[in-house]
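Asker: Just a sequence and a predicted model for now, questions to come.
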Amino acid sequence: MKKLSKLAIHGGQPVRKTFLPYGKQWVSDDDVEAVVETLTSDFLTTGPKIDQFEEELAKYVGAKYGVAFANGTAALHAACFAAGVGEGDEVITTPMTFAATANSILYQRATPVFSDTNPDTWNMDLQKVRSLITDQTKAILPVDYMGNPCNYQELLKIAQDHDLTIIEDAAHALGATDHGRKVGSISDLTMFSFHPVKQITTGEGGIVTTNRQDYYEKLIQFRTHGMTRDSSKLLENHGPWYYEMQFLGFNYRMTDLQAALGISQLKKLDSFIQRRKQIAKKYHEAFQLLSPIQTSNLPNGCDSSWHLYVIRLKLEELTTDRKTIFTALQHENIGVNVHYIPVYYQPYYQHLGYKKGICPNVEQLYEEIITLPLFPAMSNEDVENVITAIQKVIEHYAK
């Protein structure tokens, strides 16, 4: 391959003058106005904006119910609780995720069981999932990596065959579809995150969508200390002021300020996703010409919402390792990242007894992946900068 200009890591001029992060929120004047309006209203928390946001988000994904939480981790913890996950149970999940996914299982004193990934889609290998099911398995907790839905037609069949609950970590996948159905309406319980780098943001925040009323009621109560004022559920009733704490819940409530921002952002969600798809398409087209780079394959019938764009390096076609490529791109002012360090590599999980080697596909994937910038506010020039930097660095180190 023809070498381009001198790399910035070797003293050359970087592709761009300013640093481009891998992800960033897009908050505009209408979002600010929505928050300010709520800030001067009668309710800052547990007010009407919460109900409105929950209803609009649930309607968007096609679910009957939505319950908002302070953050995505709290939402996923609540989903595990609502599903009845508890001590002695096993929950099958993927290690190719942020630690919060598996941590939510541990919070319920259950055991995460890690499944390897499919080498093509980088989502959970469903054949492997089947082999991991035991009498202790309570649920399957898939992650829609990058915004690419898992194969839910097959996953639902597995769950039905073994009477298991599907708790979907769709932190990446708001707006994604599987065979025409929006993520959030398919699984028993689905969690979305509203961290600033996600498809829409509430600052911090999360939600669980479900079609089951019993799950909905448990989620509502769990996020408010396990308390209820519902007279039909009270064991005693001392008067209109009375409430009961019926189980150990948490203070996981979202504020009205967060919800107001979410309502405003939700109006722009489809346009945000469309822009993400445009950027992903540009990347796809450009990188097809670079042999040392591989991109993931979407499962048949699935449409991604492109939270992340991850490339995989074919290290056998390069003269260096991933760390050098990563560092060289950063010197070009491209804010690359790595998603993710396998969860069981973390010292806490090692202390629990998890050992390296249990998911060889994940471990090889981790050594070879780099996340590129992808967010709606990127200009066409930003996108071209990323493409140019990738071409510049990969071609320099290509064999």
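Answerer: That came through fine. This structure is a prediction, so every number in the text was calculated from the model and none was measured.
Asker: quick one, helices of this structure?
Answerer: Using DSSP state H, the helices found in the chain span residues 29-39, 48-61, 72-82, 99-107, 126-132, 152-162, 213-222, 256-266, 269-287, 322-331, 347-351, 360-368, 380-397.
Asker: do you know how far the residue lying closest to residue 126 once chain neighbours are set aside is from residue 110?
Answerer: Once flanking residues are discounted, residue 126 sits nearest to residue 154: 5.2 Å by Cβ to Cβ, 6 or more residues apart in numbering. The way it works is simple: take the backbone N, C-alpha and C, and place the C-beta from them, glycine included. Applying Cβ to Cβ, to the nearest Å, the value for residue 154 to residue 110 is 24 Å.
Asker: who's more crowded, these two?
Answerer: residue 110 (20 against 14; other Cβ atoms under 10 Å).
Asker: And the pLDDT for the nearest residue to the more buried one once chain neighbours are set aside?
Answerer: Nearest residue to residue 110 in three dimensions, chain neighbours excluded: residue 89, at 4.2 Å (Cβ to Cβ, 6+ apart). Reported pLDDT at residue 89 in the predicted model: 98.
Asker: Likewise for the one 4 residues further on?
Answerer: According to the predicted model, the pLDDT of residue 93 comes to 98.
Asker: What is the neighbour count of residue 105?
Answerer: Count around residue 105 with other Cβ under 10 Å applied: 25.
Asker: Spit out the contact partners of it.
Answerer: By Cβ atoms under 8 Å, 6 or more residues apart in numbering, residue 105 lies in contact with 80, 85, 91, 93, 111-112, 141.
Asker: Tell me which of the helices of the chain sits most buried.
Answerer: Between the helices of the chain, helix 72-82 has the highest mean count of neighbours, a mean of 27, where neighbours are mean count of other Cβ atoms under 10 Å.
Asker: For that helix, give the mean pLDDT please.
Answerer: 98.
Asker: Alpha carbons of it, as PDB, please.
Answerer: Output of helix 72-82 as PDB, limited to C-alpha atoms (Å, rounded to 0.1, in the frame of the first residue of the first chain):
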ATOM      1  CA  GLY A  72     -29.300   2.800  33.200                       C
ATOM      2  CA  THR A  73     -27.600   0.700  35.800                       C
ATOM      3  CA  ALA A  74     -30.400   1.300  38.300                       C
ATOM      4  CA  ALA A  75     -32.900   0.400  35.600                       C
ATOM      5  CA  LEU A  76     -31.200  -2.800  34.800                       C
ATOM      6  CA  HIS A  77     -30.900  -3.700  38.500                       C
ATOM      7  CA  ALA A  78     -34.700  -3.100  38.800                       C
ATOM      8  CA  ALA A  79     -35.300  -5.300  35.800                       C
ATOM      9  CA  CYS A  80     -33.400  -8.100  37.400                       C
ATOM     10  CA  PHE A  81     -35.400  -7.700  40.600                       C
ATOM     11  CA  ALA A  82     -38.800  -7.600  38.700                       C
END
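Asker: ok, residues contacting that helix?
Answerer: 67-69, 91, 100-101, 103-105, 107-108, 110, 139, 141, 167, 169, 171, 189-195, 205-208, 210, 215, 218-219, 222-223, 250, 252.
Asker: Check stretch 334-351 too.
Answerer: 15-16, 19-22, 95-99, 101-102, 112, 114, 146, 308, 310, 326, 329-330, 354-356, 358-359, 362-363, 366, 369-373, 385-386, 389-390.
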